[in-house]
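Engineer: coords below, sequence missing:
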């Protein structure tokens, strides 16, 4: 059970929840952990069950699916979001929220099966890569810190406020900044992790724009530690970073901006 991919379904139509439930039950490696018949129930269920995947209708009582997606990303931007809706006019907004997929009702069983298979590959690959990175992290992070300083990254420091006090952090040591559990978290060399109640935007304003890049509404990455970029969902990619077991998401638009920066 621990290795299974946990799925949450949110749809105000009982019939659609039944269809998705049956499809998930038939898919090997997936388990349904929660259901919601309105959007306002979704954030609490996500916090309680920590699903890997959320199927969201767009138009629901309470919070809309788009509003749910924003709340989910503020808890954990790694959760895979699938919109399953009868309305195709929300597609552009959905992909601005980095949706993994957008399925228009009525959809065929094969369509859901294909999406679940892609999810299986992404979740499995991500778990293996994070495990491998964690095994070599101590030496890797020391090497990364030296490499960043050798490339002349900003040696400025930022003062980060948190409930225990403050930390002074060298910008050269910061690998990734992300939203996590409604807080902003900085991952740094040496396996260090710093958490603050400041917004991602507030932290980003104090970082050197020549070194740091806002690739996603939930992520800021250090350009010097990008290792590779691989496909994720439709029009979305995963940025793999050297020296940390964390990764980041980037949209096609931001990916193209990154390409222009390195052209």
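Structural biologist: Yep, that arrived. Predicted model, so just to flag it, every value in this text is computed and none were measured.
Engineer: For the stretch 101-250 of the chain, give me the ranges with low pLDDT.
Structural biologist: The stretch 101-250 of the chain contains residues with pLDDT under 70 at 124-155.
Engineer: 50 instead?
Structural biologist: For the stretch 101-250 of the chain, residues meeting the criterion pLDDT under 50 lie at 127-154.
Engineer: Near residue 76, how many other residues are there?
Structural biologist: Residue 76: 18 surrounding residues under other C-beta atoms under 10 Å. Bear in mind the C-beta positions are built from the backbone N, C-alpha and C, glycine included.
Engineer: Which phi and psi values does it adopt?
Structural biologist: Phi and psi for residue 76, reported as degrees, to the nearest 10, are phi -160, psi 100.
Engineer: give the contact list for it.
Structural biologist: 46, 50, 180, 181 (C-beta atoms under 8 Å, 6 or more residues apart in numbering).
Engineer: Please repeat the previous calculation with a cut-off of 7 Å.
Structural biologist: residue 180 (C-beta atoms under 7 Å, 6 or more residues apart in numbering).
Engineer: Could you check the pLDDT of it?
Structural biologist: Model confidence at residue 76, given as pLDDT, is 90.
Engineer: Ok, residue 72 next?
Structural biologist: With respect to pLDDT, residue 72 scores 93.
Engineer: From residue 195, how far out is it?
Structural biologist: 19 Å (C-beta to C-beta, to the nearest Å).
Engineer: Next, the buried residues of the helix or strand harbouring residue 74.
Structural biologist: According to DSSP states H and E, residue 74 maps onto helix 65-75. Going by neighbour count (16 or more other C-beta atoms under 10 Å), the buried part of helix 65-75 is 65, 66, 67, 68, 69, 71, 72, 73, 74, 75.
Engineer: how close does the residue lying closest to the second one once chain neighbours are set aside sit to residue 102?
Structural biologist: The spatial neighbour of residue 66 that comes closest, neighbours along the chain excluded (C-beta to C-beta, 6 or more residues apart in numbering), is residue 93 at 5.8 Å. For residue 93, the distance to residue 102 (C-beta to C-beta) stands at 10 Å.
Engineer: end-to-end on stretch 3-15?
Structural biologist: 28 Å (C-alpha to C-alpha, to the nearest Å).
Engineer: count of neighbours near residue 198?
Structural biologist: Residues lying near residue 198 (other C-beta under 10 Å) number 17.
Engineer: Now for residue 105: which residues touch it?
Structural biologist: For residue 105, the contact set (C-beta under 7 Å, 6+ apart) comprises 84, 85, 86.
Engineer: For it, give me phi and psi.
Structural biologist: Here is the backbone geometry of residue 105 (degrees, to the nearest 10): phi -70, psi 150.
Engineer: Check the gap between it and residue 208 for me.
Structural biologist: For residue 105, the distance to residue 208 - C-beta to C-beta - is 46 Å.
Engineer: Okay, helices next: where are they in the stretch 1-150 of the chain?
Structural biologist: Taking DSSP state H, counting those that start in this stretch as the test, the helices found in the stretch 1-150 of the chain are 14-26, 42-49, 65-75, 91-96, 109-135, 137-150.
Engineer: sorry, back to before: output the contacting helices and strands for the helix holding residue 74.
Structural biologist: Contact here means 3 or more C-beta pairs under 7 Å, 6 or more residues apart in numbering; DSSP states H and E; on that basis helix 65-75 packs against helix 42-49, strand 53-56, strand 80-85.
Engineer: Check the offset of it from the chain's centre.
Structural biologist: The chain centre lies 11 Å from the centre of helix 65-75; the measure is C-alpha atoms, centre = their mean, to the nearest Å.
Engineer: Quick check: residue 215 is in a helix.
Structural biologist: No: applying DSSP: H, G, I helix; E, B strand; the rest coil, one finds residue 215 to be strand, outside a helix.
Engineer: Give me the three-state assignment for the residue lying closest to it once chain neighbours are set aside.
Structural biologist: Leaving aside its sequence neighbours, residue 215 sits nearest to residue 250 (C-beta to C-beta, 6+ apart; 4.1 Å). Here residue 250 is strand, with the state taken from three-state DSSP.
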